[in-house]
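[1] pasting the structure only:
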């Protein structure tokens, strides 16, 4: 049994504890902490189930499953928060997920991988394609934001209509990236789905039990949704009690809870000297959030009566721009070392500190 599995099994104890804290009214802070920790192992099992099913179904369907379910925990948390009307926190969590994947996930991967191997290599073409797509995502959140803050006459309905157009364009681009990576140029992305869980699990004669892992996938999804309801129900009161703003909560705290699976996976494969897969996990998760999750939340927001647009806090746009630029500069040469990991983590720390003091 891998360290990842032991870790995820051990933390499952917080799921019943958080449920007990909710129904026995043990206090807002207790509910907040236990439910946040409870989501982490569920997100890991959700990710693991997706990977195991992908091994059975083959590279094409498996790649599509990873593309759709790769950030399922973050999407579920966002949907629950949107349903609760926490639009500012939802918007902040979108930018926060992009920043965390590009800086924190890649930074940890390059640091720990670089400590074990002097220098690691990955395909620069994948970084370039993902970097170009992320640049489009920055433009997509920049334009509505600048239109809102620079025009004194633009009305809310106009911003909402512009946001729908942006969302449609982003989803179209995401579908094109799937066609590119899974069909026309799939040879560029052959980073080995079977290596996600380590060679010891998938080089055996027997494939994973499809029905077992489909069951785990369904149960994990339902459990994440249930646990997210508990977490989101107290997040505003708990964070305000800690003196944290909704902006900091969305940008920093929520991605740390929902993105735990990506961090564990990316760092794990980096320490096995598979930086191709590690970089694909980090940058692919950012693309999924920017080009699919964000537009979907816009459409769902209109459907549930809590319209969400692409008018972000200008500081969020600057932070995402910084993250994309730094990640592109460091990854374009197709090589990484521990110092570059430190630089990415330092950038993330600076941005997190700035968001903490931003009012």
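    That came through fine. It should be emphasised that the depicted structure is a prediction, and the values quoted were computed from it without experimental measurement.
[2] Would you report the backbone torsion angles of residue 243?
    The phi and psi values for residue 243, taken as degrees, to the nearest 10, are phi 80, psi 20.
[3] Quick check: it vs residue 76, distance?
    27 Å (C-beta to C-beta, to the nearest Å). For every residue, glycine as well, the C-beta is placed using N, CA and C.
[4] Residue 212 now?
    22 Å.
[5] Comparing those two, which shows the higher neighbour count?
    When neighbours are counted by other C-beta atoms under 10 Å, residue 76 comes out ahead of the other of residue 212 and residue 76, with 24 against 12.
[6] And the pLDDT for residue 319?
    What the model reports as pLDDT for residue 319 is 91.
[7] Now it. Nearest residue, chain neighbours left out?
    Of all residues not flanking residue 319 in the chain, residue 351 sits nearest, at 5.2 Å (C-beta to C-beta, 6 or more residues apart in numbering).
[8] Could you do residue 343 as well?
    Residue 343's closest residue in space is residue 330 (C-beta to C-beta, 6+ apart), at 6.8 Å.
[9] How is that neighbour classified with respect to secondary structure?
    helix (DSSP: H, G, I helix; E, B strand; the rest coil).
[10] Could I get the contacting residues of it?
    Residues counted as contacts of residue 330 (C-beta atoms under 8 Å, 6 or more residues apart in numbering) are 106, 110, 336, 340, 343, 344.
[11] do residue 253 as well
    36, 239, 244.
[12] Kindly report the same for residue 124.
    So residue 124 contacts 331, 332, 333, 334 (C-beta under 8 Å, 6+ apart).
[13] got it, and residue 313?
    Here residue 313 is in contact with 91, 92, 145, 247 (C-beta under 8 Å, 6+ apart).
[14] Following the lowest-mean-pLDDT helix or strand in the chain in sequence, what is the next regular element?
    Ranked by mean pLDDT, DSSP states H and E, the weakest helix or strand in the chain is helix 199-202, scoring a mean of 46. Following helix 199-202 in sequence order, the next helix or strand is helix 210-241 (DSSP states H and E).
[15] Low-confidence stretches in this structure?
    By pLDDT under 70, the weakly predicted segments of the chain are 1-4, 54, 57-70, 152-156, 186-207, 359.
[16] could you pull out the strands for it?
    Assigned by DSSP state E, the chain shows strands spanning 120-121, 335-336.
[17] Adding mean neighbour count and distance to residue 169, write those strands out as JSON lines.
    Shown next, in JSON lines, are these (neighbours: other C-beta atoms under 10 Å; distance: least, C-beta to C-beta, whole Å):
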{"stretch": "strand 120-121", "mean neighbour count": "18", "distance to residue 169": "34"}
{"stretch": "strand 335-336", "mean neighbour count": "20", "distance to residue 169": "32"}
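[18] got these as CSV, with distance to residue 301 columns?
    Shown next, in CSV, are the strands of the chain (distance: least, C-beta to C-beta, whole Å):
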stretch, distance to residue 301
strand 120-121, 40
strand 335-336, 38
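[19] which stretch among those comes nearest residue 312?
    For the strands of the chain, the distance to residue 312 is smallest for strand 335-336, at 29.8 Å, taking C-beta to C-beta.
[20] who does that closest one pair up with?
    Next to strand 335-336 in the sheet, as set by DSSP bridges, lie strand 120-121 (antiparallel).
[21] before we move on, the earlier item: buried only: go through the contacts of residue 124 for me.
    331, 334 (16 or more other C-beta atoms under 10 Å).
[22] Looking at the contacts of residue 124, which is nearest residue 174?
    Among the contacts of residue 124, and counting by C-beta to C-beta, the member closest to residue 174 is residue 331, at 20.1 Å.
[23] The closest one contacts residue 103, correct?
    No. The pair residue 331 / residue 103 is not scored as a contact, 11.6 Å apart, by C-beta atoms under 8 Å.
[24] Touching, residue 8 and residue 47? I think so.
    No. The criterion here is C-beta under 8 Å, and residue 8 misses it with residue 47 at 9.4 Å.
[25] re the thing from before, for the contacts of residue 253, could you give me JSON lines that also reports neighbour count?
    Below are the contacts of residue 253 laid out as JSON lines (neighbours: other C-beta atoms under 10 Å):
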{"residue": "36", "neighbour count": "22"}
{"residue": "239", "neighbour count": "19"}
{"residue": "244", "neighbour count": "17"}
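[26] and of those residues, the nearest to residue 256?
    The shortest gap between residue 256 and any of the contacts of residue 253 belongs to residue 36, at 8.5 Å (C-beta to C-beta).
[27] residue contacts, the closest one?
    231, 253, 257.
[28] Would you reformat those residues as a markdown table and include distance to residue 309?
    Shown next, in a markdown table, are the contacts of residue 36 (distance: C-beta to C-beta, whole Å):
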| residue | distance to residue 309 |
| --- | --- |
| 231 | 25 |
| 253 | 23 |
| 257 | 25 |
